[in-house]
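> quick one, fold the following:
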Amino acid sequence: MLRVSSRIGIPLKEIEIKAIRAQGSGGQHVNKVSTAIQLFFDIRTSSLPPAIKNRLLERKDHRISDDGLVVIKSQDSRSQEANKEAALARLSELVASVLVAPKKRRPTKPTRGAKERRLKGKSIRGKTKSLRGRPKPSD
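Numbers count the residues shown, from 1 in each chain. As a prediction, the model looks like this:
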């Protein structure tokens with residue numbers, strides 16, 4: 001069980017982990033050993049609460065496909081086990097980031113004093129700019 005919070009966990013049977021070869025330089029070692037980890041997690045078929053599923057699906061994240069499949073790749077370490085732990089930690093962080101529902105925005109209006117201060121500042125700025133021009137010919 002992957003613990004996300006004290007109340008929410010993801011059963012490991014819902015997470016598919018695949019070992020692949022890592023990209024980039026590394027010589028012979030990287031070419032023959034599958035140490036990188038690719039983690040797959042289907043949000044729609046998971047046992048997460050519906051509110052959390054919806055917030056995850058609405059989130060704009062490149063790791064979440066349109067079908068609701070989370071794909072996380074980890075290849076930072078030379079150890080497969082360390083990469084597996086890192087991928088699971090990233091999944092846990094992703095799910096934990098949507099646990100708290102965002103507060104609904106309450107639109108507000110500026111006070112009368114704030115409007116007056118803004119308009120006063122605009123008029124002062126306008127006067128300053130008007131003084132920068134050529135002097136007007138005297139009559």
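> where in this protein is pLDDT low?
Counting by pLDDT under 70, the chain contains low-confidence ranges at 26, 139.
> for it, longest helix please?
Longest among the helix segments of the chain by residue count, using DSSP state H, is helix 112-130.
> those strands in this structure, which residues are they?
Secondary structure of the chain (DSSP state E): strands located at 2-3, 9-10, 15-20, 36-42, 69-74.
> which of those sits most buried?
Ranked by mean neighbour count, these are led by strand 36-42 with a mean of 20 (mean count of other Cβ atoms under 10 Å). From N, CA and C alone the C-beta is placed, and that goes for glycine too.
> helices or strands up against that strand?
Secondary-structure packing of strand 36-42 (3 or more Cβ pairs under 8 Å, 6 or more residues apart in numbering; DSSP states H and E): strand 15-20, strand 69-74, helix 80-96.
> on that earlier part again, give me the helices and strands touching the longest helix of the chain, please.
Here helix 112-130 touches no other helix or strand, going by 3+ Cβ pairs under 8 Å, 6+ apart.
> got the CA positions of it in CSV?
Presented in CSV, the C-alpha positions along helix 112-130 are these (Å, rounded to 0.1, in the frame of the first residue of the first chain):
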residue,chain,number,x,y,z
ARG,A,112,-14.1,54.3,-2.6
GLY,A,113,-10.9,55.5,-1.0
ALA,A,114,-8.8,53.1,-3.1
LYS,A,115,-10.5,54.4,-6.3
GLU,A,116,-9.8,58.0,-5.3
ARG,A,117,-6.2,57.3,-4.5
ARG,A,118,-5.8,55.6,-7.9
LEU,A,119,-7.4,58.4,-9.8
LYS,A,120,-5.3,61.0,-7.9
GLY,A,121,-2.1,59.1,-8.8
LYS,A,122,-3.2,59.0,-12.4
SER,A,123,-3.9,62.8,-12.5
ILE,A,124,-0.5,63.5,-10.9
ARG,A,125,1.3,61.3,-13.4
GLY,A,126,-0.6,62.9,-16.3
LYS,A,127,0.5,66.4,-15.1
THR,A,128,4.1,65.3,-14.9
LYS,A,129,4.0,63.9,-18.4
SER,A,130,2.3,67.1,-19.8
